[in-house]
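Asks: Show me how the following folds:
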Amino acid sequence: MNAQHNGSLAAERRLKQVAGVLATGPYREDAAGTMAQCPITTHVLDTSLGRPGAGITVTLSLVGEGESLTKVGGGVTNADGRCPGLVSNEGFVAGTYRIRFDVQKYFEADGRDAFYPFCDITFIIKDAGQHYHVPLLLNPFGFSTYRGS
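Replies: Numbers count the residues shown, from 1 in each chain. Okay, here's the model as predicted:
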């Protein structure tokens, strides 16, 4: 009986681990209560340390006429450098978007100076039905990005 009890405890721990991974992945619960992949995902890698950039505030905005900004999503990067649930599928449209990463606070928390207080990435979504992954490769004196998968 003890072995069976230990087995069920191990299974319960494993389920919690899997649930934790799903909760931090690129999915968000939609209005119907089902998990749907977020149309835009991101993650930050601090290339100067070779580790994820955790605790960075991320803001996603839709760029409008005259470069006006309408916030459509946001969050804070987790221990894996990802920002789960950045934006939902509901109301997601084609257009020009900007992701802003508040990196000054991240570097200050580590006692490091940085040249850029923010990293802004502006990109165009032509097909709102696709998934877009926009990562940030970061160091105190530079950054780069690419369209991931």
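Asks: pLDDT below threshold where in the protein?
Replies: Across the chain, the ranges flagged by pLDDT under 70 are 1-36.
Asks: which ones are touching Phe141?
Replies: By CB atoms under 8 Å, 6 or more residues apart in numbering, the contact list for Phe141 reads 114-116. Bear in mind the C-beta positions are built from the backbone N, C-alpha and C, glycine included.
Asks: how about 7 Å then?
Replies: Phe115 (CB atoms under 7 Å, 6 or more residues apart in numbering).
Asks: Show the backbone phi and psi for it.
Replies: phi -130, psi 20 (degrees, to the nearest 10).
Asks: how close does the residue nearest the centre of the chain sit to Ile125?
Replies: In the chain, the centroid-proximal residue (CA atoms, centre = their mean) is Cys83; its distance is 2.3 Å. Per CB to CB, to the nearest Å, Cys83 is found 17 Å from Ile125.
Asks: Over to Ser48?
Replies: Distance of Ser48 to Ile125, given as CB to CB: 30 Å.
Asks: So between these two, which is more surrounded?
Replies: Higher neighbour count among Ser48 and Ile125: Ile125, with 17 against 14, using other CB atoms under 10 Å.
Asks: what pairs with the closest residue to Gly53 other than its chain neighbours across the strands?
Replies: Using CB to CB, 6 or more residues apart in numbering and skipping residues adjacent in sequence, the residue nearest Gly53 is Val44, 3.3 Å away. Beta-bridge pairing for Val44 (DSSP bridges): Leu136.
Asks: which residues touch Val44?
Replies: Val44 touches 52-53, 56, 77, 81, 101, 136, 138, counting by CB under 7 Å, 6+ apart.
Asks: closest to Ser68 among the residues you listed?
Replies: Phe101 (20.3 Å; CB to CB).
Asks: what's the nearest residue to Val63 if we skip its chain neighbours?
Replies: With CB to CB, 6+ apart, the residue lying closest to Val63 is Thr96, at 4.1 Å.
Asks: Would you check that that neighbour makes contact with Ile121?
Replies: No - Thr96 lies out of contact with Ile121 (CB atoms under 7 Å); the separation is 11.3 Å.
Asks: the more surrounded of the two?
Replies: Higher neighbour count among Thr96 and Ile121: Ile121, with 18 against 13, using other CB under 10 Å.
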